[in-house]
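Asker: here's my sequence, what's the structure:
(chains A and B)
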Amino acid sequence: MIAAIIFSVLLIVGFGWFGLNILKIRSNILLGREVNRKDNPGERWKVMTLVALGQKKMFKRPIPAILHLGIYVAFVITQVELIEIIYDGITGSHRAFMASLGGFYTLVISVIEVLSVAALIATIAFLSRRNILKLARFQKPEMKGFPTFDANLILVMELILVCCIFTMNGADEALYLRGASHASHEAGSFGFAISSWVGPHVFGGMSTEILLVLERIGWWGHWFMVLAFLNYLPYSKHFHILLAFPNTYYSNLEKKGKFTNMEAVTNEVKLMLDPTADPFAAPAPDGAPQRFGAKDVNDLTWKNLMDSYTCTECGRCTASCPANITGKKLSPRKIMMDTRDRMVEYADGKRKNGKDYEDGKSLLFDYISEEEVWACTSCNACVEACPVNIDPLAIIVDLRRYLVMEESKMPTELTGMLTNIENNGAPWQFSPADRGNWIHED
Amino acid sequence: MSTIHVPTMAEMMAQGQTPDILFWVGCSGSFDDRAKKITKALVRILNECKVNFAVLGAEESCTGDPAKRAGNEFTFQMQAMMNIQVLDGYEVKKIVTACPHCFNTLKNEYPELGGKYEVIHHTQLIQELINSGKLSLKDGGVFKGKKITFHDPCYLGRANDVYEAPRVLIEKLDAELVEMKRCKTNGLCCGAGGAQMFKEAEKGNKEVNVERTEDALETQASIIATGCPFCNTMMTDGVKNFNKENEIQVLDVAELIANAAEL
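Answerer: I've put the predicted structure just below:
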């Protein structure tokens, strides 16, 4: 009875707190400007199915893709067991579905056990890649401190979770063999794929009293880890397991080379080019005039902000970035991490101190330097590399737009290039009248 | 080499003629001495196939691509609107260009400003010409048995998903197409895009074009083919950086085809 109450309180608090955090993240994302990503739902479902569910882009690197797939499938399927855990926890029953499901129950738990072993192997491999093999993309400057701790913590939590599953099932199997399991008063075997071996071999020599305690430790440990994992997610890069789906659904479906058109500029350019236009006839824009480009997170679109929450810091973008490869400061992953960190800081500041609060900081300058912004070749390698369709380039371009159009800040050579285009119709200082000269040259 | 025939839109209009396709030459193709050779190679192919084309000549202006990539949307849209007025004035329907930057901008970024045209890259046009039998390459041409590697221009490949047309053309040369370790969707930039062509690189430990040239050298190819005048410049500089300019040529796909067809 007490156990059922403790369980139910944990259930309500755990899921409730998670729900509150989700609402907070939603409101943070909605700080961004509007952008229409609701067109063409058929294509969007297709992209989401292939990229998020099917993990299509992960398979550019087969080894991590297979390891990741192991953990991913195990994670999804293991949630089925959660249904029974919650039912047992609230009602105080033990393996409530076993009797009614019969052979199907054995099959489901067996599948979960096999997948758990796959996840265990993958987790150990991932920990080794980060901490022993020290893969280059996990050692970049932006990974120092919390990001590295975060990644390892998640992997360790997965290890603990898998250990709990086998402690629970293994101990219960050993108990069942001697007719002491709460599942049945007769002696027998559950017949689960892995624990029918683990039970007798690992737990077989232990006393019934210890096994009963161990089985409970495994069961409660599993439940605690689920809740801990769930509530750690919103603070972690691991949030990608949820956001990968909406983020790929709302992918940019245009050609990657197409940069967004700035309509505010179009209106002004039309006025400038139209000799009959009366500039005073133009209706006053409603509200405060929007900034050109982006200086802070609220100048970005909600999709840019969703991108930043979806980033799991794998660094495939940075590993493929020509600027980063050749030692420049730019790292597309850092652009995404900075955007997320600044968004959280910006939103928390407003939440604490009222919506008019300004902390005097901004994404550009305080988090992302001009040097990083100007090192980009706009080659789209980062966009192509991202397994969950994040677009760091869109943010970089908006930061450039702010620098150039609001502050006229850019490398001096670019000032010259832009002047040449305006005066000569070419980025170099040639006379426009000479443009056709090549026709008659030898 | 035969003399080239390049009518301008203005000349054609004066004679009451309408070309089937406009050849958008671009700033590099018009002013850069190396890129002018690519322009002429394409013209020779167009002449050989009797393509009814024209250029804008002095009426052409920068598409605004480098301004847009540098973040100056005003300059970009001013250029775009003026170009659209010219193009619409001549009732242009179809455009071919040898520059992936012009290609991308005209194809993807002009429509929202009112400029709607069918835009193709010159490698796509040449492929059409060969497929329709208008252009034939001599057997056992100059490139027979040579190793050629293709450097994917970012604004042709990743930006617009055109990977096959240039490769199909290289294979028609009877040459051996060898891929770099980073190619197609994984291709490494030459370092010129995003207005980098017009500025010094930020502080780092290497130039991007040197990194990319190393990829090309690894393939042991004797020719680096490109489909972009800016990539051409960057790769040519990269080859010079390794003092290999006597062993390795950097050529546009249009030049390879024009040479193979003995134009």
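Asker: number of nearby residues for residue 202?
Answerer: No chain in the question, so chain A it is. The burial count assigned to residue A:202 is 16, neighbours taken as other C-beta atoms under 10 Å in any protein chain shown. Where C-beta positions appear, they are placed from N, C-alpha and C, glycine not excepted.
Asker: was after chain B, sorry
Answerer: By other C-beta under 10 Å, the residues close to residue B:202 number 21.
Asker: which residues does it contact?
Answerer: By C-beta atoms under 8 Å, 6 or more residues apart in numbering or on different chains, residue B:202 lies in contact with A:323, A:328, A:329, A:330, A:371, A:374, A:375.
Asker: just the buried residues from those residues, in PyMOL please.
Answerer: Remark: buried members of these, expressed as a PyMOL selection using 16 or more other C-beta atoms under 10 Å in any protein chain shown:
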select buried, chain A and resi 323+328+329+330+374+375
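Asker: and of the contacts of residue B:202, the nearest to residue A:173?
Answerer: Proximity of these to residue A:173 was ranked by C-beta to C-beta; the top entry is residue A:330 with 54.3 Å.
Asker: where do the strands of the stretch 101-250 of chain B begin and end?
Answerer: If DSSP state E, counting those that start in this stretch is used as the criterion, the strands of the stretch 101-250 of chain B fall at B:118-121, B:147-150, B:176-177, B:223-226, B:249-252.
Asker: tell me the mean pLDDT over the last one?
Answerer: Looking back up the chat, that one is strand B:249-252. On average, the pLDDT along strand B:249-252 is 98.
Asker: so the next helix or strand along the chain from it, near chain A or not?
Answerer: Following strand B:249-252 in sequence order, the next helix or strand is helix B:253-260 (DSSP states H and E). No - against chain A, helix B:253-260 shows no contacts by C-beta under 8 Å from any C-beta of the partner chain, the least distance being 14.4 Å.
Asker: export helix B:253-260 to CSV, keeping only CA atoms.
Answerer: Extracted in CSV, the C-alpha atoms of helix B:253-260 (Å, rounded to 0.1, in the frame of the first residue of the first chain):
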residue,chain,number,x,y,z
VAL,B,253,33.7,20.4,-68.0
ALA,B,254,32.8,22.7,-71.0
GLU,B,255,36.5,22.9,-71.9
LEU,B,256,36.9,19.1,-71.7
ILE,B,257,34.0,18.6,-74.0
ALA,B,258,35.0,21.4,-76.4
ASN,B,259,38.5,19.9,-76.6
ALA,B,260,37.2,16.3,-77.0
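Asker: that helix packs against which elements?
Answerer: When contacts are defined as 3 or more C-beta pairs under 8 Å, 6 or more residues apart in numbering or on different chains; DSSP states H and E, helix B:253-260 sits against helix B:33-48, helix B:122-131, helix B:164-171, strand B:223-226.
Asker: go with 7 Å
Answerer: Packing contacts for helix B:253-260, counted by 3 or more C-beta pairs under 7 Å, 6 or more residues apart in numbering or on different chains; DSSP states H and E, involve helix B:33-48, helix B:122-131, helix B:164-171.
Asker: run through who's touching that helix.
Answerer: B:37-38, B:41-42, B:44-45, B:98, B:122-123, B:126, B:137-138, B:141-143, B:166, B:169-170, B:173, B:225, B:227 (C-beta atoms under 7 Å, 6 or more residues apart in numbering or on different chains).
Asker: tell me the mean pLDDT for whatever helix or strand residue A:272 lives in?
Answerer: For residue A:272, the element it lies in under DSSP H and E is helix A:263-273. Across helix A:263-273, pLDDT averages out at 87.
Asker: ok, stretch A:15-22 next?
Answerer: The model assigns stretch A:15-22 a mean pLDDT of 97.
Asker: then stretch B:34-52?
Answerer: Stretch B:34-52 carries an average pLDDT of 97.
Asker: can you give me the offset of stretch A:332-351 from its chain's centre?
Answerer: From the chain centre to the centre of stretch A:332-351 is a distance of 14 Å (C-alpha atoms, centre = their mean, to the nearest Å).
Asker: and chain B, is that stretch touching that?
Answerer: No - using C-beta under 7 Å from any C-beta of the partner chain, we find that stretch A:332-351 stays clear of chain B, coming within 12.9 Å at best.
Asker: list the buried ones in that stretch?
Answerer: In stretch A:332-351, counting by 16+ other C-beta under 10 Å, buried: A:332-340, A:342-347, A:350.
Asker: same check, this time on stretch B:189-207
Answerer: For stretch B:189-207, a neighbour-count test (16+ other C-beta under 10 Å) marks B:189-199, B:201-202, B:204, B:207 as buried.
Asker: now do the same end-to-end measure for that stretch.
Answerer: This stretch, stretch B:189-207, spans 11 Å end to end (C-alpha to C-alpha, to the nearest Å).
Asker: next structured bit after the helix or strand where residue A:305 lies?
Answerer: Per DSSP H and E: residue A:305 is located in helix A:302-310. Next in sequence after helix A:302-310, counting helices and strands by DSSP H and E, comes helix A:316-320.
Asker: tell me the average confidence for that next one?
Answerer: Helix A:316-320 comes out at a mean pLDDT of 97.
Asker: check which helices and strands that helix is in contact with.
Answerer: Using 3+ C-beta pairs under 7 Å, 6+ apart, the elements in contact with helix A:316-320 are helix A:332-353, helix A:381-385.
Asker: save those as JSON lines, and put in mean pLDDT and distance to residue A:441 too.
Answerer: Shown next, in JSON lines, are the helices and strands packed on helix A:316-320 (pLDDT from 0 to 100; distance: least, C-beta to C-beta, whole Å):
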{"stretch": "helix A:332-353", "mean pLDDT": "97", "distance to residue A:441": "43"}
{"stretch": "helix A:381-385", "mean pLDDT": "98", "distance to residue A:441": "37"}
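Asker: pLDDT below threshold where in the stretch 101-250 of chain B?
Answerer: For the stretch 101-250 of chain B, the stretches flagged by pLDDT under 70 are B:140.
Asker: longest helix in chain A, by number of residues?
Answerer: Scanning chain A for the longest helix, with DSSP state H as the assignment, gives helix A:146-177.
Asker: what's it packed up against?
Answerer: Applying 3+ C-beta pairs under 7 Å, 6+ apart, one finds that helix A:146-177 contacts helix A:103-131, helix A:195-198, helix A:208-232.
Asker: return the member of the buried residues of stretch A:332-351 nearest to chain B.
Answerer: Closest to chain B out of these is residue A:332 (12.9 Å), distances taken as C-beta to the nearest C-beta.
Asker: can you report phi and psi for the closest residue to residue A:3 other than its chain neighbours?
Answerer: Spatial nearest neighbour of residue A:3, chain neighbours left out: residue A:92 (6.7 Å); criterion: C-beta to C-beta, 6 or more residues apart in numbering or on different chains. Per-residue torsions, residue A:92: phi 80, psi 10 (degrees, to the nearest 10).
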